[in-house]
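# Any chance you can model this:
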Amino acid sequence: MPGALLDVAANEPSDDLGGGGVLLGAQPLEECLFSGINQDRESGSAVFEAQEGSRGVCRWVASYYNSMRIQVAPSVMPDFQSSLSVCLALIALWGLIGLAGLLRPASLRFAGRTLFPLGALCGVALAAVAAVSLALPPEESVLPVGLPELPMHLRRDALTSLFLFLLGVASAGISVFAAGYFRRGRGTSAGLMCLQYHLFLASMGLVLLANDAYTFMVAWETMALSSYFLVTTEHGIAEIRRAGFLYLLIAHVGAIGILLSFGVMQGGSWQFTFEAMRHAHLAPHWAAAAFLLALFGFGAKAGLVPLHVWLPEAHPAAPSPVSALMSGVMLKTAIYGVLRVSFDLLGQPQWWWGLVALAAGLFSALYGVVFAAVQTDMKRLLAWSSIENIGIIFTGIGLAMVFNGVGMHSLAALALIAALYHSLNHALMKSLLFLGTGAVLHSTGERNLGRLGGLIHRMPWVAWLTLVGALAMSGLPPLNGFVSEWLLLQSFLFAQEVPRSFVSMLLPLGAALVALAAALAAYVMVKFFGVIFLGQPREPGLARAHDAGMLERLGLAWLAGGCLVLGLLPTQVIGSLRIVVQQLSGATLPNVAAPWWLLVPLPGGRASYSAPVFLIALAGVVVLTVFVVHRLYHRRVRRAAPWDCGFGGLNARMQDTAEGFGQPIRHIFGALMAVKRELPSPFDPQPRYRVTVGDRLWQSLYVPLGGLVQRVADAFAWLQQGRIATYLLYSFVTLIVLLALML
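Model (predicted):
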């Protein structure tokens with residue numbers, strides 16, 4: 001008989017089972033696939049039912065033998081006719097590519113010209129398989145590795161396929177860019193960095209495929225550790241080491257919250273597979289506790305305020321491709337985790353859970369964009385912008401929970417589609433912008449906005465491709481950032497229909513905050529692009545700047561093309577997201593009869609949008625303007641310096657600076673910031689003006705908390721005797737206490 005029998009703990013309610021479960025893995029034969037088992041209770045004989053035309057497909061069937069549940073599941077042996085197995089193979093190939101870097105650890109050419117392009121091809125293949133499998137039924141598999149009686153369970157469903165697609169598409173562009181980006185430096189060798197980079201990719205893929213708490217946490221911690229080593233690539237710099245430590249600290253604090261959430265969701269059965277958690281019957285207060293722990297744990301990884309403090313430190317410290325991967329992809333694994341716990345493992349979320357997520361998302365969005373507007377470091381600016389976008393995604397998730405909890409399922413589907421759409425958009429937009437800053441940093445050696453300017457003449461490829469990302473991040477049509485934010489605002493427009501008066505009065509305030517955050521995001525992108533690429537060079541050394549190489553241009557163009565596709569084809573994208581939302585929450589958007597080029601999110605025709613029509617109209621206006629000007633204006637054209645308002649002494653110092661752009665925001669939102677000013681006196685022979693903007697939450701929350709932890713650690717320092725016998729005694733006493741509590 002092909003396949004293998006494994007005794008595993010059953011993931012079924014206790015009233016359905018009289019004993020342990022048996023998992024049967026069946027491999028496809030030449031003719032058919034075994035799809036069912038009927039056990040005869042008396043004789044124990046087995047009858048196998050063959051189903052024609054069902055090669056590679058397994059379905060769950062149930063029968064009883066000695067009061068035991070018999071289930072048919074995919075085999076522990078890989079079946080490469082299933083999309084799950086292909087995705088797993090591609091993820092394993094990422095790991096092998098990383099290990100290949102150790103064959104020639106000092107060869108930058110081998111890693112950059114061979115291994116990173118291979119990793120990019122794996123990303124393209126993973127995105128293709130995930131896109132094809134989006135509409136397929138869920139698949140499960142069990143790997144015979146792991147802890148005793150707890151093998152690794154894997155599952156691919158529509159939600160997994162969507163985030164695997166996100167991982168594959170973003171990592172492909174980033175890997176191609178990284179192939180031409182990395183240079184020899186003082187930090188990690190090329191081969192070791194290749195291992196860490198591809199292990200980071202593989203661990204994120206395994207997080208998305210995990211179907212039990214053990215596999216999830218192993219992949220989650222591998223993702224945290226590999227990204228920590230990537231952040232501290234230039235570990236000889238003390239500032240980078242501090243940023244890496246802060247990131248690792250917050251990552252492990254969040255992991256504790258996730259682990260406790262899994263502990264609550266197992267519901268006393270001590271079965272840690274996700275299937276067991278789906279069938280656990282939790283009291284409402286325990287379900288709420290599991291959700292809040294998950295929101296805390298995943299929020300720490302996503303950068304929700306006030307757990308955001310690692311993000312503005314780690315992103316500037318990491319190499320730009322790593323920053324792109326962390327902001328564009330790693331933060332989305334936290335979004336995936338929140339969705340998996342809230343809508344899948346816990347079943348139907350309660351409406352007030354959505355208010356908590358909504359409040360956290362709105363505050364994070366506004367807090368992040370305000371701080372982005374006052375930054376003078378281009379990578380730190382993008383890091384704060386990521387906090388703002390994560391806040392927008394959590395706002396959509398929270399709004400979907402509220403609508404779902406009050407029975408407004410169509411609006412819940414619309415809000416959830418907006419959140420998923422923005423997750424895809426942000427992965428491409430922010431990766432593109434981080435890679436653009438990386439090209440500028442390599443060419444100029446500067447991250448300070450005050451020392452840049454006029455680079456559109458020296459770096460036209462980087463400038464124009466980065467402009468696509470900046471316009472998309474600004475939420476301007478016909479690019480992708482507009483679509484997701486427009487869908488979210490459409491969801492808010494129906495807030496008055498919520499059958500709870502208090503909630504229906506509060507939600508319009510949320511719409512106003514989203515609109516404010518979107519407007520400020522456009523303001524930030526004007527500052528970002530204008531200060532870096534427009535105007536005059538602010539430093540003489542910028543005359544030596546050069547454009548990006550061919551591989552770097554290709555990576556930027558890939559991501560810019562993704563922004564255009566997601567912006568111009570919203571109807572097709574939403575059609576795919578409907579599958580994910582329906583499988584995840586059971587809610588779906590009503591079908592609206594509309595042509596492929598017209599987006600009508602809800603019936604009734606209250607609002608519609610057509611990206612192709614907008615693009616054609618915009619292009620028509622530009623072409624018509626050029627034609628009319630050339631047709632009617634017959635004078636000779638000459639090139640001259642721009643008008644200087646009658647003053648001939650203009651220079652680069654007279655341009656708007658990054659500090660000048662942020663000055664109005666500092667005054668309006670000064671209560672959120674810890675601003676320190678150094679003002680010169682009227683008699684200072686060398687006047688100097690300096691403004692330092694700090695995070696008030698860091699000053700008021702984390703600094704006192706760190707001092708408290710230090711005092712507590714000093715109080716218990718006497719326990720550290722430096723003797724191995726004493727430490728063994730501590731371990732023995734702890735073990736006895738735990739056994740007493742368990743028994």
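# contacting residues around R500?
351, 406 (C-beta atoms under 8 Å, 6 or more residues apart in numbering). For the C-beta atoms, the positions are set from N, CA and C on the backbone; glycine is no exception.
# In contact with G530, which residues are there?
Contacts of G530 (C-beta under 8 Å, 6+ apart): D656.
# So it versus R544, what's the distance?
As defined by C-beta to C-beta, to the nearest Å, G530 lies at a distance of 22 Å from R544.
# for this protein, what spans make up the strands?
Taking DSSP state E as the test, the strands found in the chain are 4-8, 21-25, 32-39, 46-52, 64-65, 68-73, 139-147, 150-156, 673-678, 690-695.
# pLDDT (mean, whole number) over the third one?
Mean pLDDT, strand 32-39: 36.
# Okay, now the unreliable bits of the chain?
Across the chain, the ranges flagged by pLDDT under 70 are 1-81, 184-187, 604-605, 634-637, 648-649.
# tell me the domain ranges of it?
Split into domains by automatic domain parsing, the chain comes to 4-73, 348-591.
# out of those domains, deepest packed?
domain 348-591 (a mean of 22; mean count of other C-beta atoms under 10 Å).
# Distance from it to the middle of the chain?
Relative to the chain's own centre, domain 348-591 is displaced by 12 Å; criterion: C-alpha atoms, centre = their mean, to the nearest Å.
# circling back to that earlier point, now distance to V623 too, for the domains of the chain, in TSV please.
TSV is the format used below for the domains of the chain (distance: least, C-beta to C-beta, whole Å):
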stretch	distance to V623
domain 4-73	52
domain 348-591	16
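# helices or strands next to the longest helix along the chain in the packing?
Secondary structure of the chain read by DSSP state H shows that its longest helix is helix 409-444. The criterion is 3 or more C-beta pairs under 8 Å, 6 or more residues apart in numbering; DSSP states H and E, and the helices and strands that helix 409-444 contacts are helix 158-181, helix 320-325, helix 331-339, helix 378-405, helix 460-473, helix 480-492, helix 550-568, helix 570-585.
# do you know which of these lies nearest G670?
helix 378-405 (16.3 Å; C-beta to C-beta).
# between the closest one and helix 331-339, how many degrees?
Relative orientation of helix 378-405 and helix 331-339, computed by axes from the mean of the first three to the mean of the last three C-alpha atoms, to 10 degrees: 20 degrees.
# what packs against helix 378-405?
Here helix 378-405 touches helix 284-302, helix 311-317, helix 320-325, helix 331-339, helix 351-373, helix 409-444, helix 480-492, helix 501-533, going by 3+ C-beta pairs under 8 Å, 6+ apart.
# export these to JSON lines and tack on distance to A238?
Putting the helices and strands packed on helix 378-405 into JSON lines (distance: least, C-beta to C-beta, whole Å) gives the following:
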{"stretch": "helix 284-302", "distance to A238": "24"}
{"stretch": "helix 311-317", "distance to A238": "11"}
{"stretch": "helix 320-325", "distance to A238": "19"}
{"stretch": "helix 331-339", "distance to A238": "26"}
{"stretch": "helix 351-373", "distance to A238": "24"}
{"stretch": "helix 409-444", "distance to A238": "20"}
{"stretch": "helix 480-492", "distance to A238": "37"}
{"stretch": "helix 501-533", "distance to A238": "27"}
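# Thank you kindly, that will do.
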